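> Fold the stuff below for me.
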Amino acid sequence: MTNAQAPYLRDLNPVQKQAVLQYGRPLLILAGAGSGKTRVITVKIAHLLESLGLDPRSILAVTFTNKAAGEMRERAIGLSPLAQGVLIRTFHSFGAWFLRRNAPLAGLDPRFTIYDEDDMTALLKTLYPDRERRDLSRYTFLIGRAKDFALGPEDPLSGISGDHAFPEIYAAYEEKLRSIGNADFGDLILRCTRLLRDNPEVRKRIHDRFRVIMVDEYQDSNVAQHEFLREFAAPDAYVCVVGDDDQSIYRFRGAEIKNIRSFPDIFPGTEIIRLEQNYRSTPNILEAACAVVENNSGRLGKKLWTANGGGAAPEIVPCPDETAEAAFCLSLLRKKPDMQTAILYRTNAQSRAFETSFARAGLPYLIIGTLRFYEREEIKDALAFLKFLSNPKDEVSFRRIINKPARGIGASGVEKILACRDPGARIPEAMDSALKTVKGKAGAALKDFADMHARFLEDLGKRKLSDFVTRVIQESGLEAYHKNQDLVAGSQKLQNLEELVNAASIYPPGGAGLAEFLESIELDAARVEESKNAAGTTNAVTLITMHNTKGLEFDRVIITGLEDGLFPKDAPYRDSSRQEEEDIEEERRLFYVAITRARRELYFTFCTNRRIHGQLKNFPPSRFLEELPEEIRGSARRAAGTYPPPGVFAFRPGTTVYHEDYGQGIVWKSAIKEGSHLVTVRFDSGQTREFFPKYERRLERVAADGL
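Numbers count the residues shown, from 1 in each chain. This next block holds a predicted model:
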């Protein structure tokens, strides 16, 4: 049977087949969104086994998630039973496999256990017993990040952290970890790399065995994984990596886009094959995606196309605020309830408005990648404080907050406090009684808590409810506690707490307003429970962050919150450094990923006003909307005549401008004021001026080439 007759090649398009059949020199497969990447990888494994007759034990295929590795293994075995002998694993799983076979040489016990973040923090606690655990968890995060960048404690670490104590703490941690003979997740890559680099015998043995190395999702690899591949691959091994630099969106996790872009330089003679035919989306959707991502620099380059026909043009929909945005989405869902729909947003906190709207409308929804808003730890913590202030007999809320963050009041101390309470009495009275018997550190902590509670009660009604909730979150210690959690876990807990403040902003001040706010939450929570029961139905809408959509697809996608400052997130207004430009380019890639999740229909929404810290503030549309094709930008004008106001796209932040009186400058800020577009310009002379571009004819935009 010739290659062309192999059954596994029949359904491939010409470029896919070229990628499968290529062999000999290094190969970089640039696989665009929806281009059949997994099929190409698994068929290539079958081809290497069935047509080229390679030994299955000589092939290694690695990817990044257990799910992806399992799917790759299952599909490859379905094409060729010989694939059962191929090593198909995640990077870390393979690292563990390798280290267990070479444990003594790597300074490990052969039965070593793998420490997760909690274990790492616990180990640090044995070294620094006087430090708080949440303080040590920050160093756990930094150690993990250093290992992702292939850095040991002896290497320069200023790029990881400016904390002068970090190198010493990292070194002490490593010494302790080695004395125990265990490894953490970072070691599963870093120790492998160093063992291969330092031990010629091990390197030769590995080079002799693995003649083919395939890496999927290579744009998500970090520095340590890239170094591992370079050491692991023999000079004459066949190396094939698959990925898409336009879908590199995990830099905050340590992913390094330079890995895929520099692959042809690291592996001389590399052939690049581009999978550009998209099987998912309509031509209009792909045109929008390509128009946006083409604004990034340094791309390896490709342009998606499709043989799919039909499809409506994507639309931009301006909304007055986030409530109206949720209402628009609800109206779309009611028009076509059976269409599989996903609502995408930049941060988890944005889900609240949609959850509230959909729960009240009885619309089933699914939250992907996180808990529903009012089930999130940080929200339940803050609400427990508020509930206890509203009802001082609430024992459940009291138990949750009395020692969170840790105040030195243990479980026995809590029981002593509650034991002082007469039947039906308020807990603050029990705290006063307990202060007579609870002494030492616990007694001091209880007095501080009782005084704080009293201050909150005295302040309730003296300020807006949103300001009061902000004070409770800050002075209770929850803000600092969850800020540290965000640093360690890369979560968005502070943003969720800010969204709770926004939710409180529409209620009146005082005890009655607080009770009304808490009651509305409880009623919404009951509706959410009903929505959960219906969430398994086929017409449940999916609520999901843009990052979590990677690898998913939906018939209809609504990308929401497209305002500068929210998306792109914390947008820099002057390209003062390459770092800032890289941030914007990653946000643009994230937008590209979001767009390419849509099969048939695509909508973009932005709010001219959005609540931030309980205040309604004006925002200009996202600069990325300007990069969409003109036909799509025009849809915003057709949808609501004055939105966006003239000049919003032309004079976005970062735009170079010229004024007859003030000379050249940069648009620093942009906002909507009384229905018109207002810009703040910083001129090269140092002066700052505000203008309404609609009326100020002497203010002109300067093209990129200066003409």
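
> so where's this structure shaky on pLDDT?
In the predicted model, the chain carries pLDDT under 70 at residues 1-5, 525-538, 570-579, 636-650, 672, 674-675, 703-707.

> Distance check, the residue most central in space within the chain against Arg346.
Among the residues of the chain, the one closest to the centroid is His547, at 4.7 Å (CA atoms, centre = their mean). Using CB to CB, to the nearest Å, His547 is found at 9 Å from Arg346. No exception for glycine: its C-beta is placed from N, CA and C like everyone else's.

> Next, show the common contact partners of the two.
Leu590 (CB atoms under 8 Å, 6 or more residues apart in numbering).

> what about the strands in the stretch 501-650 of the chain?
For the stretch 501-650 of the chain, the strands defined by DSSP state E, counting those that start in this stretch cover 541-545, 554-559, 598-607, 609-612, 615-618.

> Just name the most buried of those.
Compared across the strands of the stretch 501-650 of the chain, strand 598-607 shows the largest average neighbour count, a mean of 24 (mean count of other CB atoms under 10 Å).

> what are the pairing partners of that one, and which direction each?
Partners of strand 598-607 in the sheet, by DSSP bridges, are strand 315-319 (parallel), strand 554-559 (parallel).

> Any idea which of those strands gets closest to Ile45?
strand 554-559 (29.4 Å; CB to CB).

> ok and that closest one relative to strand 541-545, angle-wise?
Orientation check (axes from the mean of the first three to the mean of the last three CA atoms, to 10 degrees): strand 554-559 against strand 541-545 gives 50 degrees.

> For strand 554-559, which outside residues touch it?
With CB under 8 Å, 6+ apart as the criterion, strand 554-559 contacts 329, 332, 336, 339-345, 542, 546, 591, 594-595, 597-605.

> and of the strands paired with strand 598-607, who's closest to Asp216?
Of those, nearest to Asp216 by CB to CB is strand 554-559, at 22.7 Å.

> In CSV, could you pull the C-alpha coordinates for the closest one?
Output in CSV follows, covering the C-alpha atoms of strand 554-559 (Å, rounded to 0.1, in the frame of the first residue of the first chain):
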residue,chain,number,x,y,z
PHE,A,554,-20.1,27.8,19.7
ASP,A,555,-22.7,28.6,17.1
ARG,A,556,-23.2,32.1,18.5
VAL,A,557,-20.6,34.2,20.4
ILE,A,558,-21.2,37.5,22.1
ILE,A,559,-17.9,39.2,23.1
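
> Figure out how far it is from the centre of its chain.
19 Å (CA atoms, centre = their mean, to the nearest Å).

> Which residue ranges of the stretch 101-250 of the chain form strands?
Using DSSP E, counting those that start in this stretch, strands in the stretch 101-250 of the chain cover 114-115, 183-184, 212-215, 238-243.

> Export these as JSON lines, with columns for mean neighbour count and distance to Arg610.
Formatted as JSON lines, the strands of the stretch 101-250 of the chain follow (neighbours: other CB atoms under 10 Å; distance: least, CB to CB, whole Å):
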{"stretch": "strand 114-115", "mean neighbour count": "18", "distance to Arg610": "42"}
{"stretch": "strand 183-184", "mean neighbour count": "24", "distance to Arg610": "41"}
{"stretch": "strand 212-215", "mean neighbour count": "23", "distance to Arg610": "41"}
{"stretch": "strand 238-243", "mean neighbour count": "24", "distance to Arg610": "35"}
